[in-house]
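Participant: no letters, just coordinates:
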């Protein structure tokens, strides 16, 4: 983006697609304040490697280029992603069969990018609800629960509302693609395993899916037993960037809760410097 002449035209594989897909799929809309949360899915014929370090250009309605940024690889651990396949809500017997995917990408400040790609919705649904719920199952409607947010931080002010961006809109064929940014007070690990619920225009729960890590990372490290705490931490953080690694003296009291974003590494009980002490049992997620 340093020099206008080096930015170039649209980037797509003309061998695969003779017609430029950016002309029909690559657009955004703004509200009265000039804000947009537009998201779209596009196949340019190029994958990850052919898009890295390319420029992204923002145009005005008349085509004028007004902004530019360069695509870069996100460092390990900066964001952590969850995904779910949406299916029919348990016990729902209506005519709709919702399918599709939801991606939730968490950032280090606790905010997340919520992306939905859905089909089988009612046509022309306006500001219809989609939320992460308290429950951790889509098998039993009685266990799905209500909206999931940190009441110690927000009180009773539910952030999963249209005014905060938590909604979707469908077209005339019942398809929807949208993204919004939200902060619920709960981070990546606290959202793993929770249900995403899709609502109809009248609030009926019609779709459901359970969030799981987008990429399956390693969860157990027997090979680090006998290494120093410092060596074990480096290996675990490299092989699973979604977890926080904690060194603990063997026999020390710990909480009994289970967390998918935590690994405790138990080292020698009489250690003075935990990083230099030897690991005495297999570390695992929990």
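Facilitator: Yep, it's here. Computed from a predicted model, the values in this text were never measured in an experiment.
Participant: neighbours around the residue nearest to residue 147 when sequence neighbours are not counted, how many?
Facilitator: The spatially closest residue to residue 147, leaving aside those adjacent along the chain, is residue 160, at 4.3 Å (C-beta to C-beta, 6 or more residues apart in numbering). (Each C-beta comes from the backbone N, C-alpha and C, glycine too.) Neighbours of residue 160 under the rule other C-beta atoms under 10 Å: 20.
Participant: tell me the spacing between residue 160 and residue 134.
Facilitator: In this view, residue 160 and residue 134 are 11 Å apart by C-beta to C-beta, to the nearest Å.
Participant: any residues in contact with both of those two?
Facilitator: Contact criterion C-beta atoms under 8 Å, 6 or more residues apart in numbering; residues shared by residue 160 and residue 134: 147-148.
Participant: quick one, phi/psi of residue 136?
Facilitator: For residue 136, the backbone dihedrals (degrees, to the nearest 10) come out as phi -120, psi 30.
Participant: I meant to write residue 196 there.
Facilitator: Backbone torsions of residue 196, given as degrees, to the nearest 10, read phi -100, psi 130.
Participant: related to what we said a few turns ago, what's the residue nearest to residue 147 in contact with, if anything?
Facilitator: Applying C-beta under 8 Å, 6+ apart to residue 160 gives the contacts 129, 131-132, 147-149, 166, 182, 184.
Participant: same thing but at 7 Å, please
Facilitator: 131, 147, 149, 166 (C-beta atoms under 7 Å, 6 or more residues apart in numbering).
Participant: surely the first one is in contact with residue 166?
Facilitator: When you say that, I think you mean residue 131. Yes - counting by C-beta atoms under 7 Å, residue 131 does reach residue 166; the two are 6.0 Å apart.
Participant: those helices in this protein, which residues are they?
Facilitator: Secondary structure of the chain (DSSP state H): helices located at 4-7, 22-25, 48-51, 151-154, 188-191, 229-239.
Participant: need the least confident one among those, by mean pLDDT.
Facilitator: Lowest mean pLDDT within the helices of the chain: helix 48-51, a mean of 81.
Participant: by mean pLDDT, which helix or strand of the protein comes out lowest?
Facilitator: helix 48-51 (a mean of 81; mean pLDDT, DSSP states H and E).
Participant: tell me which residues of that one come out buried.
Facilitator: For helix 48-51, a neighbour-count test (16 or more other C-beta atoms under 10 Å) marks nothing as buried.
Participant: same check, this time on stretch 221-238
Facilitator: If you call a residue buried by 16+ other C-beta under 10 Å, then stretch 221-238 has these buried ones: 221, 224, 227-229, 232-233, 235-237.
Participant: and the end-to-end length of that stretch?
Facilitator: Stretch 221-238 has its terminal residues 12 Å apart, counting by C-alpha to C-alpha, to the nearest Å.
Participant: give me the contact list for it.
Facilitator: Contacts of stretch 221-238 (C-beta under 7 Å, 6+ apart): 243, 245, 247, 263, 265, 267, 274-283.
Participant: off-centre distance for it?
Facilitator: Taking C-alpha atoms, centre = their mean, to the nearest Å, the mean C-alpha location of stretch 221-238 is offset from the chain mean by 28 Å.
Participant: cool, stretch 181-193 as well?
Facilitator: Centroid displacement of stretch 181-193 relative to its chain, using C-alpha atoms, centre = their mean, is 9 Å.
Participant: ditto for stretch 33-46
Facilitator: Put simply, stretch 33-46 sits 17 Å off its chain's centre (C-alpha atoms, centre = their mean).
Participant: which residues does that stretch contact?
Facilitator: 11-13, 16-17, 21, 25-26, 28-30, 115, 117, 165, 177-181.
Participant: can you give me the distance of residue 160 to residue 59?
Facilitator: Taking C-beta to C-beta, one finds residue 160 at 33 Å from residue 59.
Participant: and the strands in the stretch 51-200 of the chain?
Facilitator: For the stretch 51-200 of the chain, applying DSSP state E, counting those that start in this stretch gives strands covering 55-59, 65-70, 79-88, 99-107, 112-119, 130-132, 176-182, 195-199.
Participant: coming back round to it: how about the contacts of residue 160 in JSON lines, adding neighbour count, distance to residue 196 and pLDDT?
Facilitator: JSON lines is the format used below for the contacts of residue 160 (neighbours: other C-beta atoms under 10 Å; distance: C-beta to C-beta, whole Å; pLDDT from 0 to 100):
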{"residue": "131", "neighbour count": "23", "distance to residue 196": "7", "pLDDT": "97"}
{"residue": "147", "neighbour count": "16", "distance to residue 196": "11", "pLDDT": "97"}
{"residue": "149", "neighbour count": "22", "distance to residue 196": "14", "pLDDT": "96"}
{"residue": "166", "neighbour count": "20", "distance to residue 196": "11", "pLDDT": "95"}
